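**Student:** Fold the following and give me the result.
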Amino acid sequence: MTITSLRHVCLATLLPLGFVVGHVQAGDAKPAATEKPALQVFVSVPPTFQPMLDDDIARTLAYRLEDTFRRQGYKGIVGFAAHPSDIKAEVPLLELTLVEWRVDLTNNVQCTFSAKLTDRGKETTLGIFAGTGITWTRARDRWRLATAFEDSANDALKDLYRRIAEQQLLPGFELKKKK
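**Tutor:** Next comes the predicted model:
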């Protein structure tokens, strides 16, 4: 499979499930339109010949980040910067550079990206994060494949959340206490 066809598989499985990026606050309450995000996310996707597809992949990963961070305990508003011109200098920026999000040779889904945080002009490289979503070869349909894409991203994003919380880089990021 080529990279372009893998991207089509990714979108064909994720987009029909209703993955749309918006602003979500704790408790799924919609914030007022005037509220500023406490964190903005910019996702850089390797270029293809289909820029609209790149935008969809970036939005899908940003949505996964927003949802995963909320589930990990982050209560702030996460804003998505679709283009570099949308980035606001006064709001901390988490920049993800997608390396791969694809089905590998073992039919599992791999999500790999690097992350960098910029806050008040100070850049912090957070590292490379990877996650795996398991698919079962005999029971592979678009819904299970979509779940594997989601699981691989969630796996990597949980590690990213943990890194930000452990290093205390931003307010509002706390590690969950084990019960």
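**Student:** show me where pLDDT drops low in the chain?
**Tutor:** Scanning the chain for pLDDT under 70 picks out 1-34, 137-140, 178-179.
**Student:** top helix in it by residue count?
**Tutor:** Counting by DSSP state H, the longest helix found in the chain is helix 142-166.
**Student:** Please enumerate residues in contact with that helix?
**Tutor:** With contact meaning Cβ atoms under 8 Å, 6 or more residues apart in numbering, helix 142-166 is reached by 9-10, 12-14, 16-17, 61, 64-65, 68-69, 72, 74, 101, 103, 108-113, 115, 117, 126-127, 129-136, 170, 173-175. C-beta: built from backbone N, CA, C; applies to glycine.
**Student:** burial of the residue nearest to Leu93 when sequence neighbours are not counted, as a residue count?
**Tutor:** Spatial nearest neighbour of Leu93, excluding adjacent residues (Cβ to Cβ, 6 or more residues apart in numbering): Thr118 at 4.5 Å. If you count neighbours by other Cβ atoms under 10 Å, Thr118 ends up with 17.
**Student:** Kindly report the same for Trp136.
**Tutor:** The number of residues packed around Trp136, counting by other Cβ under 10 Å, is 10.
**Student:** ok so, going back, dig out what the residue nearest to Leu93 forms beta bridges with.
**Tutor:** Leu93, Glu123 (DSSP bridges).
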